[in-house]
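**Q** Show me how the following folds:
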Amino acid sequence: MKYFLLYNWILLACLLNCRLCYSRDKQIDSLKALLSTHPNDTTYIDVLNSIARALVDKGDYVSALKYADEVSTFAESKLNAKTDPDLKQKIVIDDKITRAIKQGMVVSFNTIGILNDQKGDFTNALNYYFKALKVSEEINYKKGMARCYNHIGIIYDKQGDYNTAMVYQLKSLKIKEEINDKFGIARSFANIASIYKKKGDYTKALDYAFRATIIEKENNGKEGTASSYNNIGSIYYDQGNITMALEYYLKSLRINEENVDIKGTADSYHNIGILYKDQGDYPKALEYYFKSLKTARTIGSKDHLSLLFGDIGNIYYHQLNYSKALEYHQKALKLADEIGYKEGINNAYINIGNVFESTGDYSKSEEYYLKSLKTAEEMGDRTSIAISCGNIAVVFFDQGNYFKALEYANKGLALGKEVGYLDLIKDIQETLSNIYLKTNQPAKALEHYKEYITARDSLLNEKNTKKITQAEMNYEFKKRQAIEKAEQEKKDAIVKAEISKQKTVRNSLIIIFTLLLATSIMLITSYRRKIKTTQLLAQKNEEIHKQKVVDLLEKQRLKSMKDLIIGQEVERHRIARELHDGMGGIMAGIKLKLIKINSTFEKKQDLESVINNVDAAYNEIRTISHNLTPPQLTNTAFTEVVKTFIEEFKPTTKLDIHLEFIEEEKLNEVSEKVQVEVYRIIQELIKNILKHSKASKVVIDLSKYENELNLLVEDNGVGFDSSKKNTGIGLRNIQSRVEALSGVLSIDSKTGWGSTFNISIPC
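**A** Numbers count the residues shown, from 1 in each chain. Predicted coordinates for the structure are as follows:
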């Protein structure tokens, strides 16, 4: 029993050390010192596992593997102690100690699996995860089983087998719910969100990502909350919602910086850099990549550094600075090679191959693409194999080796279809069409060109009918075929002219005729284009005129709405003043007279009841008057006014209200008109939540980023069907105020899942 308790204590100490200690080297040295003090008990296994995991985080995979393997050897010797007299004298094997040893073996197998996963050896990773699962099932170790299912699901996710990945993640989630592992449930939700994101189901991806966020926030899991914000940001980014993506990336960065999470901070910088890179803002992308690089170097994670070097190299590649790009890709390759990080090695080979292809060095490009293919095959990563085959096919095509190009293109296409990689399928179909054109197989070239158009149209989400698409494919292909044919005929004509000088005159006439025909075609085409341009111009002018009318009506509607809101505020103020100065004064006078009468009245209890009723009516009139009075923003900061409203509101209800400001100083600089309307919107939302939602918790986030104020209000109430048109006065008032400020209101709510109101206002 004492070994079992000591095991738990040491494991907790190691976890706290991993969380708080900035220097992994000092942490590892401390753990190594523990080995000599516990040479023969189960704590020895726990310390070995902790050292292995710390070395994994450091990126020292070779050393980590040595310690993880030692766990297996040591554990097996302990389990065989009953047949070894020497060992039997040193430790008595009972059921509790056996269970502790096998739990240590589960951790060890999972660590070795993670190491193989990091290196890109998915086959071996799965082998060790299934070993860990078998031992977990033998001792009914629920937490270990859940972790194994989770790791197995992640491997299938990386291999592009999303359906199998989902099966294992759901198995993991079920066990975590059984044992009430809150943080484990949140991680499962995050992994399920990742799978839905890769499958393109962004609605479900966001649903599960927000579920993970809620659990992390409720349990004060700052690291998990930051990770969830990163996931949400990446989902919004894939949807093309750059503003929301950046907002959540910055939220994640803020938590990571406050929590001194070095790895999380580096990840946040990296994500923001990727966002700027894909927007074409390469200087800004480099700025964040180098911030991430500087942060990542403090933890010495070589796999992370390798990834960053590759991304920096790609920026230089897009800027056509090929020498600089090659320098950073070679740095990435060197680091990945040092730790056996196969995924990083594969990426570096592809990137270096791209640089050589762009500079016209096809032999070098071919060499690195073939290396990437070999590495991808060792990993068993079908997506990477398909990409490598596609790259190799293009290089062989550029060199005129159409037979080899065809071989690799077909292999890449088959794998691309297996993993459903539509963008790759599109590119390979185009390559195949070009190959068949060059090898004089027009029927097959047409077939693959049709497939290319279909894939392209699917990616662009065009809504053309099948008939129109087919006509477009035939037209574009015939046009390309005609160009190829014309070029070939011209070459044949030159060859014939050289062979037979006697046909010079006839060939000259043919050439002249061809030129005249081409000129005629150009004139006719130019005339038709001019007519079409005139028609398009007329149509455009008509559309501009219609838009001007629409804009004018919209401006008039907004002006009317603004005037109405201003009138409402004036009327609110008048009614408040009348209530306070008129009815309030009258009620106060009545109360004083009743008190005076009460001093000489015999039945005081009845009169005191009347006085109490008058006092209650006076307080109600006073409260209504204060609510109707506009917030005093002249000498008080806007954020303080909002805080005061929330603090005064809390005692009157059971709602747990959490208020957070981002860029508080900038919020206080917003115009008073916007501040008043936002204050009214918050009042209306809180009133609606209290009246309809049955919520127990409300989160209010108010932020100011660049030229936009954002208000986010979330509750955990019963929710409602936001897809149906709502005619409630409260929602209509909120919508009117937002529109009057030229803002946007987004409502995300489902019955039983609470509600989220997201309001963006330009200012």
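
**Q** so where is the stretch 101-250 of the chain shaky, pLDDT-wise?
**A** Along the stretch 101-250 of the chain, segments meeting pLDDT under 70 span 118-120.

**Q** The stretch 651-763 of the chain now?
**A** Residue ranges of the stretch 651-763 of the chain with pLDDT under 70: 725-729.

**Q** Going by residue numbers, what spans are strands in it?
**A** 656-662, 697-705, 708-715, 744-749, 755-762 (DSSP state E, counting those that start in this stretch).

**Q** Tabulate these (a markdown table), appending distance to residue 424 and mean neighbour count.
**A** Any C-beta I mention is one placed from the backbone N, CA and C, and that applies to glycine too. Below are those laid out as a markdown table (distance: least, C-beta to C-beta, whole Å; neighbours: other C-beta atoms under 10 Å):
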| stretch | distance to residue 424 | mean neighbour count |
| --- | --- | --- |
| strand 656-662 | 40 | 15 |
| strand 697-705 | 36 | 19 |
| strand 708-715 | 37 | 21 |
| strand 744-749 | 33 | 16 |
| strand 755-762 | 35 | 20 |
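
**Q** quick one: which of those strands is nearest residue 310?
**A** strand 697-705 (30.0 Å; C-beta to C-beta).

**Q** for that closest one, packing partners?
**A** Helices and strands touching strand 697-705, by 3 or more C-beta pairs under 8 Å, 6 or more residues apart in numbering; DSSP states H and E, are helix 242-258, helix 638-649, strand 656-662, helix 664-668, helix 672-688, strand 708-715.

**Q** rerun that using 7 Å as the cut-off
**A** The contact analysis (3 or more C-beta pairs under 7 Å, 6 or more residues apart in numbering; DSSP states H and E) places strand 697-705 against strand 656-662, helix 664-668, strand 708-715.

**Q** CSV please, covering these and showing distance to residue 104.
**A** Shown next, in CSV, are these (distance: least, C-beta to C-beta, whole Å):
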stretch, distance to residue 104
strand 656-662, 41
helix 664-668, 49
strand 708-715, 42
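
**Q** nearest to residue 177, of the ones you listed?
**A** Between residue 177 and the helices and strands packed on strand 697-705, the tightest spacing by C-beta to C-beta is seen for strand 708-715, at 23.1 Å.

**Q** what sits up against that closest one?
**A** With contact meaning C-beta atoms under 7 Å, 6 or more residues apart in numbering, strand 708-715 is reached by 670, 674, 678, 681, 685, 689, 693, 695, 697-703, 754-763.

**Q** Could you give the bridge partners of residue 701?
**A** Residue 701 has the following beta-bridge partners by DSSP bridges: residue 660, residue 712.

**Q** check contacts around it.
**A** Counting by C-beta under 7 Å, 6+ apart, the residues that residue 701 touches are 660, 662, 712.

**Q** same deal with residue 753?
**A** residue 719 are the contacts of residue 753 under C-beta under 7 Å, 6+ apart.

**Q** sorry, back to before: which one, of the helices and strands packed on strand 697-705, ends up nearest to residue 493?
**A** Ranking the helices and strands packed on strand 697-705 by distance to residue 493, with C-beta to C-beta as the measure, places strand 708-715 first at 64.5 Å.

**Q** Compute the distance between residue 356 and residue 325, please.
**A** Remark: distance between residue 356 and residue 325 (C-beta to C-beta, to the nearest Å) = 11 Å.

**Q** between these two, who's got more neighbours?
**A** Using other C-beta atoms under 10 Å as the criterion, residue 356 and residue 325 rank with residue 325 on top: 25 against 20.

**Q** buried sites along the host helix or strand of the more buried one?
**A** Using DSSP states H and E, residue 325 sits in helix 322-339. By neighbour count with 16 or more other C-beta atoms under 10 Å, helix 322-339 contains the buried residues 322, 325, 326, 328, 329, 330, 331, 332, 333, 335, 336, 339.

**Q** what would the strands of the stretch 651-763 of the chain look like in TSV with distance to residue 531?
**A** TSV is the format used below for the strands of the stretch 651-763 of the chain (distance: least, C-beta to C-beta, whole Å):
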stretch	distance to residue 531
strand 656-662	56
strand 697-705	49
strand 708-715	45
strand 744-749	42
strand 755-762	42
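
**Q** Of all those, which one comes closest to residue 507?
**A** Comparing the strands of the stretch 651-763 of the chain by C-beta to C-beta, strand 744-749 comes nearest, at 68.1 Å.

**Q** same for the closest one, what does it pack against?
**A** Partner elements for strand 744-749 (3+ C-beta pairs under 7 Å, 6+ apart): helix 729-740, strand 755-762.

**Q** which parts of the first one are buried?
**A** Of the residues in helix 729-740, those with enough neighbours to count as buried (16+ other C-beta under 10 Å) are 731, 733, 734, 735, 737, 738, 739, 740.

**Q** repeat for stretch 506-516
**A** Within stretch 506-516, no residue counts as buried by 16+ other C-beta under 10 Å.

**Q** which stretches of the stretch 501-650 of the chain have low pLDDT?
**A** Within the stretch 501-650 of the chain, the segments meeting pLDDT under 70 span 501-503, 505, 549, 552-593, 596, 598-611, 613-634.
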